[in-house]
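> Sequence plus the predicted model coming up.
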Amino acid sequence: MNSGKVLLGLLAGVATGALLGVLFAPNKGSDTRKKIVGKKNDLTDALKEKFNELLNDVIEKFDQVKEKVSDSVNEKHQGAEKEV
């Protein structure tokens with residue numbers, strides 16, 4: 001299973017559990033709404049952070065592949081020059 005899907009499922013489960021816990025807690029409505037907004041902001045920040053980490057990993061992998069392809073092309077080009 002993809003680790004991204006596991007992470008997303010875990011975050012969704014945590015968010016759902018937190019939301020249900022807040023909704024069934026014996027607090028005033030205004031306090032409950034503040035808690036919900038706070039949890040939403042925390043979850044949004046966590047998702048943004050995970051997305052940025054994933055994006056950085058993809059960029060790093062792309063740069064590695066690009067460098068390997070460039071090196072391979074340069075080697076082929078140098079080999080062709082030697083043959084001429």
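Ah, there it is. As the structure is a computational prediction, the values presented were derived from the model and not from experiment.

> CA only for contacts and neighbour counts going forward, please
OK.

> who are the neighbours of whichever strand or helix holds residue 51, in terms of helices and strands?
Residue 51 is located in helix 29-83, with elements delineated by DSSP states H and E. Taking 3 or more Cα pairs under 8 Å, 6 or more residues apart in numbering; DSSP states H and E as the contact definition, the neighbouring helices and strands of helix 29-83 are helix 3-23.

> quick one: contacts of the helix it packs on?
32, 35-36, 39-40, 43 (Cα atoms under 8 Å, 6 or more residues apart in numbering).

> Narrow these to those that are buried.
Applying a neighbour-count criterion of 16 or more other Cα atoms under 10 Å, the buried members of the contacts of helix 3-23 are 32, 35-36, 39, 43.

> Might you list the low-confidence residue ranges for this structure?
With pLDDT under 70 as the threshold, the chain has low-confidence stretches at 1, 80-84.

> run the last query once more with 90
Across the chain, the stretches falling below the confidence threshold (pLDDT under 90) are 1-51, 53-54, 71-84.

> now the contacts of helix 3-23 as a markdown table including distance to residue 19?
Written out in a markdown table, the entries for the contacts of helix 3-23 read as follows (distance: Cα to Cα, whole Å):
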| residue | distance to residue 19 |
| --- | --- |
| 32 | 9 |
| 35 | 9 |
| 36 | 7 |
| 39 | 8 |
| 40 | 9 |
| 43 | 11 |
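
> list the buried ones in stretch 10-30?
For stretch 10-30, by 16+ other Cα under 10 Å, it's 15, 19, 22.

> What count of nearby residues applies to residue 48?
12 (other Cα atoms under 10 Å).

> quick one: it from residue 57, how far?
Residue 48 is 14 Å from residue 57, where distance means Cα to Cα, to the nearest Å.
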